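Undergrad: based on what follows, work out the 3D shape:
(2 chains)
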Amino acid sequence: GQQVQQSPASLVLQEGENAELQCNFSTSLNSMQWFYQRPEGSLVSLFYNPSGTKQSGRLTSTTVIKERRSSLHISSSQITDSGTYLCAMERNNNNRIFFGDGTQLVVKP
Amino acid sequence: EAAVTQSPRNKVAVTGGKVTLSCNQTNNHNNMYWYRQDTGHGLRLIHYSYGAGSTEKGDIPDGYKASRPSQENFSLILELATPSQTSVYFCASGWDWGDAEQFFGPGTRLTVL
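TA: The predicted model follows:
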């Protein structure tokens, strides 16, 4: 079964609106990360080991490892935020890495 | 800025043929990873390495081999390619996965006919 569940699967926003993306993990984990995949396919790291709350510009990650969940808040969305947001975990018992299927975000003008 | 390059960027192979995907990183990272991504899904870990000479199986290693001959290079080998291995393959490098940023290559689009 899916180790990492992301919701929503897709989201359409008007520019300026906020978004909240969710990530839930079905097993205990050592750590997790958030990634952004641009529409053309390239991948960049957003947050790594984000225990508690971390902020970078308009992005805020809130993670509670013990409760196996993380959220990514995007404030004042911009057209350039469009793309896919992926979360991933490092499983506790064997250090394997698992990704969710992502949230596909479209920001319209 | 860490640089991870992959070659080739696109590859068309025939069923039963051998395919080698190459990855090079210039930041001296210990850890390197090979993932595949199928349309509409996240990445799945195939093989990874903790340093030169080491390879470890990821979640979906069947049908793939890996080779880490040096700190900089990590290859993924498909000895007998099958159409089910048609996918986009990403290489990544970094320090400890849990505590450090990961850097990805641009991806290789592989089609097996």
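Undergrad: pretty sure B:Asp59 contacts B:Arg44?
TA: Yes - using CB atoms under 8 Å, B:Asp59 is in contact with B:Arg44, at 5.7 Å. C-betas here are computed from N, CA, C, even on glycine.
Undergrad: so how far is B:Thr39 from B:Ile77?
TA: B:Ile77 is 24 Å from B:Thr39, where distance means CB to CB, to the nearest Å.
Undergrad: more neighbours: which of those two?
TA: Using other CB atoms under 10 Å in any protein chain shown as the criterion, B:Ile77 and B:Thr39 rank with B:Ile77 on top: 14 against 7.
Undergrad: for the helix or strand hosting that one, name the packing helices and strands.
TA: Per DSSP states H and E: B:Ile77 is located in strand B:73-78. Applying 3 or more CB pairs under 8 Å, 6 or more residues apart in numbering or on different chains; DSSP states H and E, one finds that strand B:73-78 makes contact with strand B:19-25, strand B:31-37, strand B:43-49, strand B:65-67, strand B:87-94.
Undergrad: what would those look like in JSON lines with mean pLDDT and distance to A:Thr60?
TA: Output for the helices and strands packed on strand B:73-78, formatted as JSON lines (pLDDT from 0 to 100; distance: least, CB to CB, whole Å):
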{"stretch": "strand B:19-25", "mean pLDDT": "98", "distance to A:Thr60": "30"}
{"stretch": "strand B:31-37", "mean pLDDT": "96", "distance to A:Thr60": "26"}
{"stretch": "strand B:43-49", "mean pLDDT": "96", "distance to A:Thr60": "24"}
{"stretch": "strand B:65-67", "mean pLDDT": "98", "distance to A:Thr60": "37"}
{"stretch": "strand B:87-94", "mean pLDDT": "97", "distance to A:Thr60": "23"}
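Undergrad: list the contacts for residue 18?
TA: This is for chain A. A:73-77 (CB atoms under 8 Å, 6 or more residues apart in numbering or on different chains).
Undergrad: not what I meant, chain B
TA: Going by CB under 8 Å, 6+ apart, B:Lys18 touches B:77-81.
Undergrad: could you measure it against chain A, distance?
TA: Applying CB to the nearest CB, to the nearest Å, the value for B:Lys18 to chain A is 25 Å.
Undergrad: what do you get for B:Asn28?
TA: Here the criterion is CB to the nearest CB. By it, B:Asn28 lies 18 Å from chain A.
Undergrad: same question, B:Leu78
TA: 21 Å.
Undergrad: and the residue lying closest to that residue once chain neighbours are set aside, how many neighbours does it have?
TA: Closest residue to B:Leu78 apart from its sequence neighbours, by CB to CB, 6 or more residues apart in numbering or on different chains: B:Val19 at 4.2 Å. Other residues within reach of B:Val19, judged by other CB under 10 Å, total 21.
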